[in-house]
Structure formats: structure tokens, C-alpha cells
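# Sequence and predicted structure are below.
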Amino acid sequence: MELNTILNLLIQYNLTADELLLIYLTFLAQDEENHSEYFTKWYNNGGQHKLKDMFTSLQSKGVILKNYNPSCYNPNEIEFNKNFIKGWIKNSGELGKELFESYEPFLWISGKYVPLRNISKKFYSLDEFFFHYSTIIGHSIDKHKEIMELLKWGRENKRITYGLLEFCASQKWNDLKLMRDTNFDGEISDTYNLYESI
């Protein structure tokens with residue numbers, strides 16, 4: 001996360017740096033890969049003395065719903081305010097980053113590899129692209145999950161024949177969904193669009 005993004009989150013939600021760190025550690029612990037080791041490291045190095053007060057503060061600021069008992073820590077029981085989640089996603093760029101990292105990196109064409117994740121013709125930075133993608137899908141976690149499932153299917157079935165910019169601009173996930181749902185098994189040639197997008 002960029003420093004500017006961190007500052008925007010701190011200002012927008014009146015958070016302390018410690019509160020923002022706790023939120024980030026909680027999201028990591030809630031992740032499917034369950035990176036709770038980061039929270040444990042923070043907790044064992046002084047975090048346990050701050051935890052209850054910080055959760056009480058986050059509840060009073062409307063970041064965490066009031067039904068959570070701040071005297072214990074179970075990340076999967078912590079419910080964040082939906083507006084906060086949407087703001088976090090909008091500012092953090094995490095959805096765009098996951099798409100970028102999961103996208104097919106190269107395609108073999110005419111005896112050479114062609115990069116598919118080149119975004120520099122339209123964006124000055126990865127963060128700018130991450131925000132752009134998130135905006136396209138309305139900062140929706142559910143839509144992003146659907147796109148990631150379709151992308152996984154597309155990669156496994158060798159259906160990714162276009163660059164990342166084309167994927168987003170043309171919302172190619174709709175084509176992948178159609179192909180998957182209709183058991184499309186024809187050949188696809190999209191070389192023209194590929195070269196236009198890199």
C-alpha cells in the first residue's frame with residue numbers, strides 16, 4: 001500500500017497508525033491463506049496491552065460493528081462496517097493487485113514470448129492500474145471473486161490470448177463466462193487485439 005493511500009485511510013476514518021495496522025493484520029488473518037502469524041508476532045510484542053482499547057475505539061468510530069466482543073480476538077468473528085470495507089478496497093488497490101499477479105504473464109507467438117501484463121501504455125504506475133480495475137468493477141469483492149474464478153478457468157483452458165489491458169477494457173471475463181458456460185471448444189485468435197494492448 002502506498003504512503004498516500006495509508007494517509008488517506010488514516011484521515012478519512014480518523015484512525016491511528018496502530019489501528020490501521022490492526023485492521024490490516026485482521027484482514028490478513030481473515031484471508032483464505034490465514035496469515036495469522038503476523039498478528040501473533042504483533043500481539044506477542046506489546047499488542048496484547050493495546051488490543052481491547054483499540055477494538056473499542058474502532059467500534060466507536062464505526063469501523064467495526066458493535067456486536068463484536070473486544071475482550072478476545074477471533075478474526076473470523078470480526079465484522080467490519082460495509083462502507084469501511086468498500087472504502088478500504090477502493091483505496092488499497094488489493095483487488096487490482098491480485099488480478100495483476102494472477103494474470104497470465106506471457107503468450108508464445110511466432111517463436112517468441114509476448115508479455116501480457118504490460119500496462120505502461122495507459123498507466124504511469126501499477127497503483128494507478130490497480131485503482132482503475134477496482135473502479136471498473138465498482139469496488140465489488142463479489143464481482144472480483146467471480147472474475148478471478150473465470151480467469152483461473154481461462155488460464156487452465158488456455159483461453160487467455162490477450163493482454164491485461166484488453167482483458168479489463170473489453171471486460172473479457174464476460175467472454176470467458178460464455179465460453180465456460182457453453183462448453184465452447186473452438187480455436188480463438190485474438191492476435192490483433194493482443195498487439196494493440198501491449
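Cool, the structure landed.

# hey, which helix is longest across the protein?
Counting by DSSP state H, the longest helix found in the chain is helix 141-156.

# ok, residue 6 - how many residues close by?
17 (other CB atoms under 10 Å). Heads up, the C-betas are built off the backbone N, CA and C, glycines and all.

# residues in contact with it?
Applying CB atoms under 8 Å, 6 or more residues apart in numbering to residue 6 gives the contacts residue 20.

# quick one: buried residues of the helix or strand encompassing it?
Assigned by DSSP states H and E, residue 6 falls within helix 3-12. Under the neighbour-count criterion of 16 or more other CB atoms under 10 Å, helix 3-12 has 5-6, 9 buried.

# one step back: counting by contacts, list what the longest helix of the chain packs against.
Applying 3 or more CB pairs under 8 Å, 6 or more residues apart in numbering; DSSP states H and E, one finds that helix 141-156 contacts helix 94-102, helix 173-181.

# Just send those helices back as TSV, with mean neighbour count and mean pLDDT too.
Putting those into TSV (neighbours: other CB atoms under 10 Å; pLDDT from 0 to 100) gives the following:
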stretch	mean neighbour count	mean pLDDT
helix 94-102	18	93
helix 173-181	16	94
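
# if we look at stretch 124-142, which residues are touching it?
So stretch 124-142 is contacted by 2, 5, 85-86, 89-90, 93-97, 99-100, 119, 122-123, 143-144, 147, 168, 171 (CB under 8 Å, 6+ apart).

# is it true that residue 163 touches residue 118?
Yes. The criterion here is CB atoms under 8 Å, and residue 163 meets it with residue 118 at 6.4 Å.

# Serialize the helices and strands packed on helix 141-156 to JSON lines and add fields for distance to residue 58.
Listed next are these as JSON lines, based on distance: least, CB to CB, whole Å:
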{"stretch": "helix 94-102", "distance to residue 58": "19"}
{"stretch": "helix 173-181", "distance to residue 58": "34"}
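
# Could you point out which of those helices sits nearest residue 68?
Of all these, it is helix 94-102 that lies closest to residue 68, at 22.3 Å by CB to CB.

# what's the angle from that closest one to helix 141-156?
Computed with axes from the mean of the first three to the mean of the last three CA atoms, to 10 degrees, the direction of helix 94-102 lies at 0 degrees from that of helix 141-156.

# Report all helices and strands that helix 94-102 contacts.
By 3+ CB pairs under 8 Å, 6+ apart, helix 94-102 packs against helix 126-136, helix 141-156.

# before we move on, the earlier item: quick one, the longest helix of the chain and helix 173-181 angle?
Inter-element angle recorded for helix 141-156 and helix 173-181: 60 degrees (by the same axes, to 10 degrees).
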